[in-house]
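Novice: the sequence isn't on hand, but the structure is:
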Ligand code: THU
């Protein structure tokens, strides 16, 4: 038996003000995106903002449905919008925030596995890592340089071949 260990690293900023200006602005965009969250069932609002290489900002928020599995997370709403509208404009960074009507969120909320898999797809497609900024109101911000920090064993295309 061999015991393996994988280390991931990320940066923690105590306040959004410590971020550089483009990332700070992107966080404000994620807060703005959250305004359009449609989350009457979970009361858990999520906002995502993507900064593209051209400087274009793309917004996403979670969109729930009475048939629960038909809804979609904020990250994928934004990522699929990029894929559909800006297929040749690489994504530089994604900021994500969340707010609950039921309790205070004290730590950043990590994106779900399905969103990470979609993020990985776009990283591979553009052949450039996407910075991820996770943050909460009044809490710290966590910054990862690539989806690989959150999904080290990600499923990628070469696994489909022998
Ligand atoms: N949600 C997101 O928008 N992003 C995630 O990565 C995790 C969860 C949404 C889905 C649902 O509308 C609500 O949060 C509660 O799960």
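Specialist: It's in. Quick caveat, the model's predicted, so the values are computed rather than measured.
Novice: and the pLDDT at residue 101?
Specialist: Here the pLDDT value assigned to residue 101 is 87.
Novice: please name the nearest non-neighbouring residue to it.
Specialist: What sits nearest to residue 101 in space, not counting adjacent residues and going by Cβ to Cβ, 6 or more residues apart in numbering, is residue 43, at 3.8 Å. The way it works is simple: take the backbone N, C-alpha and C, and place the C-beta from them, glycine included.
Novice: same check on residue 42?
Specialist: Excluding its sequence neighbours, the residue lying closest to residue 42 (Cβ to Cβ, 6+ apart) is residue 64, at 6.5 Å.
Novice: you'd agree the one you found is up against residue 45?
Specialist: No. Counting by Cβ atoms under 8 Å, residue 64 does not reach residue 45; the two are 10.1 Å apart.
Novice: these two - which one has more neighbours?
Specialist: The residue with more neighbours, out of residue 64 and residue 45, is residue 45; 21 against 18, by other Cβ atoms under 10 Å.
Novice: so which residues on the chain come close to the ligand?
Specialist: Applying Cβ under 6 Å from any ligand atom, we find that the chain lies next to the ligand at 39, 42, 44, 46, 62, 64, 71, 73-75, 111-112, 115.
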